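K.L.:
I would like the atomic coordinates for the input below:
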Amino acid sequence: MDETIATWSATRQAAAIRGGELTSRDLLELLLARIDAHNPVVNAVVTLDVARGRAAADAADADAARGAWRGPLHGLPVTIKDAIEVAGMRSTGGAVELSDHVPERNAPVVDQLEAAGAVVFAKTNVPAWSADIQTFNELFGPTNNPWDPDRTTGGSSGGPAAAVACGFSAFEIGTDIGGSIRMPSHLCGIFGLKPSFGVVPQRGYLDHVGGGVIDADINVFGPLARGAEDLDLLLDVLGGPPPEAALAWRLELPPARHESLSGYRIGVWLDDPAMPIDPGVRAVLQRGVDALADAGAQVVDAHPAVVFAEQVDLYYRLISAATSTGSPAELGDVMGGTHRSWLLTTEHRARVAQVWAEWFESFDILVCPVLPTAAFAHDHDGDLFTRTLTVDDRELAHYQLTSWVGMIGVLGLPVAVPPLGLTPDGLPCGMQIVAPYLRDRDAVRVAGLLAAAMPGAGYSPPPGC
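P.N.:
Here you go, the predicted structure:
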């Protein structure tokens with residue numbers, strides 16, 4: 001079988017299965033062979049249930065033979081981030097406390113994937129409790145970037161991003177509370193979507209012992225894939241109310257507003273005095289902006305009337321409370337603060353969100369960096385607050401690297417990240433395509449159009465796979 005099939009988009013793979021060019025079992029065996037060949041170096045897949053996958057793939061093929069198609073993902077073999085519960089499959093959240101945890105039920109998103117025909121066969125690596133911008137933990141070790149194994153894939157969806165980049169999975173589902181879909185997509189050269197907050201159910205999220213029974217503030221579930229068309233497809237499958245609201249609630253996201261880039265009004269915010277950016281990354285982003293303008297988009301250096309540092313501070317305060325349940329009790333109490341302080345900060349967030357909403361009355365999209373740097377060398381000493389990285393001659397703590405993704409994510413806005421090509425060091429670089437709340441389709445549309453219009457952009461298999 002042609003090995004390049006493994007790195008086709010999920011949409012193309014699904015069409016090949018439906019058209020009889022490919023069986024689910026054949027595709028699964030191809031992905032298993034790639035995992036066997038390349039995962040020892042990359043270390044993206046941490047739990048593998050071959051028997052489960054083969055049984056499900058064979059069942060999908062039997063259904064296909066009699067014309068019983070389950071849904072748009074029929075027969076697609078997929079891996080799932082280890083922070084998301086899968087019934088009957090070890091799901092650890094990357095934490096030693098859950099090293100033997102085998103859930104009795106699926107997270108709702110896994111139910112939705114399987115109902116649409118996907119074949120779940122493995123889990124992918126995460127930092128402990130998804131609480132780092134690098135992917136490593138005591139259970140499984142580090143996940144290595146397939147473009148350069150000495151560098152990180154980012155976090156927390158680093159295993160999922162590497163699995164998609166290497167063709168270990170048709171697509172992946174990640175989580176994003178502080179950039180955990182967007183950063184690994186940028187660092188591994190794939191497409192990612194952080195949906196609008198509340199669009200995709202997020203139950204079954206393992207961010208602490210006993211977690212997964214409520215929706216975490218800021219956090220979202222979303223797809224990682226090799227094409228923008230996959231993001232659209234998966235948004236259809238994943239979007240909807242939580243199970244308890246399905247009786248009465250429906251989701252009808254509006255379609256993208258324009259067919260081509262020439263219809264879009266795009267604001268550009270590529271740098272800020274408060275946050276340095278690597279010159280190589282800055283150059284790729286500028287090429288992306290130039291490609292938007294060359295394709296006819298109305299491109300203006302403009303952004304909402306907010307102060308970068310002040311909005312980043314808002315993000316720090318809210319994410320501290322949102323992630324406090326995963327910390328030891330004493331530290332968690334300090335991080336969480338009082339309920340009154342959280343309510344006051346949430347009121348501040350609502351006022352800032354209104355500033356953005358008013359700005360989006362004049363613009364369709366904002367483009368900005370994901371990270372101020374491309375993939376950086378592994379550094380597992382200390383923690384987010386003590387590790388540092390020098391960017392354009394300025395030393396930054398690792399937590400500061402999340403500023404661009406954090407300030408957007410805390411508002412619940414949809415963001416698509418397309419791969420724009422490589423920096424002078426040969427490392428992938430993406431861009432945040434930010435749309436107004438619930439305009440997820442516009443973020444995906446612009447990401448796909450930009451990747452198609454920009455020379456060297458779009459997904460390419462990394463040299464390590």
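K.L.:
Go ahead and produce PDB holding the CA coordinates of the lowest-mean-pLDDT helix or strand in the chain.
P.N.:
Ranked by mean pLDDT, DSSP states H and E, the helix or strand of the chain with the weakest confidence is helix 329-336, at a mean of 78. Provided in PDB are the C-alpha atoms of helix 329-336 (Å, rounded to 0.1, in the frame of the first residue of the first chain):
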ATOM      1  CA  ALA A 329      -4.900  21.700  48.400                       C
ATOM      2  CA  GLU A 330      -2.900  24.500  50.000                       C
ATOM      3  CA  LEU A 331      -1.500  25.800  46.700                       C
ATOM      4  CA  GLY A 332      -4.800  25.300  45.000                       C
ATOM      5  CA  ASP A 333      -6.600  27.500  47.600                       C
ATOM      6  CA  VAL A 334      -4.100  30.300  46.900                       C
ATOM      7  CA  MET A 335      -4.500  29.900  43.100                       C
ATOM      8  CA  GLY A 336      -8.300  29.700  43.200                       C
END
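K.L.:
so how far is that helix from its chain's centroid?
P.N.:
Between the centre of helix 329-336 and the centre of its chain there are 28 Å (Cα atoms, centre = their mean, to the nearest Å).
K.L.:
could you point out which element follows it?
P.N.:
helix 339-359 (DSSP states H and E).
K.L.:
Mind listing what's buried along that next one?
P.N.:
342, 345, 348-349, 352-353, 356, 359 (16 or more other Cβ atoms under 10 Å). Every residue, glycine included, has its C-beta placed from N, CA and C.
K.L.:
Name the surrounding residues that touch the following helix or strand past it.
P.N.:
Next along the chain after helix 339-359, taking DSSP H and E as the criterion, comes strand 365-368. The contact list for strand 365-368, computed with Cβ atoms under 8 Å, 6 or more residues apart in numbering, reads 264-270, 285, 288-289, 292, 303-304, 404, 408, 431-435, 442-443, 446.
K.L.:
likewise stretch 311-318?
P.N.:
Applying Cβ under 8 Å, 6+ apart, the contact partners of stretch 311-318 are 178, 217-218, 274, 342, 345-346, 348-349, 352, 399, 403, 406-407, 409-410.
K.L.:
Show me which of these is closest to L193.
P.N.:
Nearest to L193 among those, counting by Cβ to Cβ, is G409 at 12.4 Å.
K.L.:
State the distance from that closest one to A435.
P.N.:
13 Å (Cβ to Cβ, to the nearest Å).
K.L.:
Tell me where the stretch 1-150 of the chain has strands.
P.N.:
Secondary structure of the stretch 1-150 of the chain (DSSP state E, counting those that start in this stretch): strands at 45-48, 77-81, 119-124, 144-145, 148-152.
K.L.:
contacting residues for the residue positioned nearest the centre of the chain?
P.N.:
Geometric centre of the chain, nearest residue: I181, 2.1 Å, by Cα atoms, centre = their mean. Counting by Cβ under 8 Å, 6+ apart, I181 makes contact with 157, 174-175, 192-194, 220, 222, 224, 417.
K.L.:
in the chain, which spans are helices?
P.N.:
Ranges of helices in the chain, per DSSP state H, are 10-18, 24-42, 50-65, 108-115, 158-166, 182-188, 228-238, 279-294, 308-322, 329-336, 339-359, 403-409, 440-453.
K.L.:
Let's have the ones you listed in a markdown table, adding distance to G94.
P.N.:
Output for the helices of the chain, formatted as a markdown table (distance: least, Cβ to Cβ, whole Å):
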| stretch | distance to G94 |
| --- | --- |
| helix 10-18 | 25 |
| helix 24-42 | 16 |
| helix 50-65 | 21 |
| helix 108-115 | 18 |
| helix 158-166 | 9 |
| helix 182-188 | 14 |
| helix 228-238 | 22 |
| helix 279-294 | 28 |
| helix 308-322 | 18 |
| helix 329-336 | 18 |
| helix 339-359 | 26 |
| helix 403-409 | 20 |
| helix 440-453 | 28 |
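K.L.:
For I80, which of the ones you listed is the nearest?
P.N.:
Counting by Cβ to Cβ, I80 lies closest to helix 108-115 out of the helices of the chain; the figure is 6.4 Å.
K.L.:
wait, what's in contact with the residue lying farthest from the centre of the chain?
P.N.:
Within the chain, R66 marks the point farthest from the mean C-alpha position, 35.6 Å out by Cα atoms, centre = their mean. With contact set as Cβ under 8 Å, 6+ apart, R66 has no partners.
K.L.:
on that earlier part again, most neighbours out of the contacts of I181, which is it?
P.N.:
For these, the largest number of neighbours (other Cβ atoms under 10 Å) sits with S157, at 37 neighbours.
K.L.:
show me what contacts it?
P.N.:
Neighbouring residues of S157 by Cβ under 8 Å, 6+ apart: 81, 126, 135, 172, 174-176, 180-181, 184, 192, 224.
K.L.:
same thing with V86?
P.N.:
For V86, the contact set (Cβ under 8 Å, 6+ apart) comprises 80, 103, 106-107, 110, 120, 123.
K.L.:
weakest of the helices of the chain in terms of mean pLDDT?
P.N.:
Lowest mean pLDDT within those: helix 329-336, a mean of 78.
K.L.:
Report the buried residues of that helix.
P.N.:
332, 335-336.
K.L.:
Tell me the one of the residues you listed nearest G280?
P.N.:
Distance to G280, by Cβ to Cβ, is smallest for M335 among these, at 35.0 Å.
K.L.:
pLDDT wise, what is the nearest residue to the closest one once chain neighbours are set aside at?
P.N.:
Closest residue in space to M335, ignoring its immediate chain neighbours: S324 at 3.8 Å, by Cβ to Cβ, 6 or more residues apart in numbering. For S324, the pLDDT comes out at 84.
K.L.:
Next, the angle helix 308-322 makes with the least confident helix or strand of the chain.
P.N.:
Interaxial angle, helix 329-336 versus helix 308-322 (axes from the mean of the first three to the mean of the last three Cα atoms, to 10 degrees): 140 degrees.
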